[in-house]
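K.L.:
just the structure for this:
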Amino acid sequence: MMQGFRGTICSVRELDYLRRRIAADLDPQVQATTSARHELVKNVQIMVQSLYWDDFELLIDLLLQRAGWNRVSEVGGPEKTLDITLLAPITGTSLACR
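P.N.:
Below you'll find the model as predicted:
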């Protein structure tokens, strides 16, 4: 079709890519990656649900530390009113969770 039009000065090398773009279809690699991500999230959810409470608490503590929060309360053990007390050192914001 393009060869018959005299104004055409180029050819389409990636015809499959062009057709997918026109049809708004996802690239097969993108679909495979999205599927693998969903599978990973599902498996991590299963693993987290199988943790004992003290391992879960340690995981949460590590995640919060990586996010910039410092734990003020002790790790593990029961507390009377709060489960966790956190401090954001840059802003000075504190957070208490039950």
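K.L.:
alpha carbons only for contacts and neighbour counts from here, please
P.N.:
Noted.
K.L.:
how far off centre is the helix or strand of the chain with the lowest mean pLDDT?
P.N.:
Within the chain, confidence by mean pLDDT, DSSP states H and E is lowest for strand 93-97 among all helices and strands, at a mean of 75. Distance of strand 93-97 from its chain centroid, counting by CA atoms, centre = their mean, to the nearest Å, is 24 Å.
K.L.:
now stretch 32-48
P.N.:
Relative to its parent chain, stretch 32-48 has a centroid offset of 10 Å by CA atoms, centre = their mean.
K.L.:
show residues contacting that stretch.
P.N.:
F56 (CA atoms under 8 Å, 6 or more residues apart in numbering).
K.L.:
which parts of the protein are strands?
P.N.:
Assigned by DSSP state E, the strands in the chain fall at 70-71, 84-88, 93-97.
K.L.:
how many neighbouring residues does P89 have?
P.N.:
11 (other CA atoms under 10 Å).
K.L.:
cool, L26 as well?
P.N.:
Neighbourhood size, L26 [other CA under 10 Å]: 12.
K.L.:
so which elements touch the least confident helix or strand of the chain?
P.N.:
strand 84-88 (3 or more CA pairs under 8 Å, 6 or more residues apart in numbering; DSSP states H and E).
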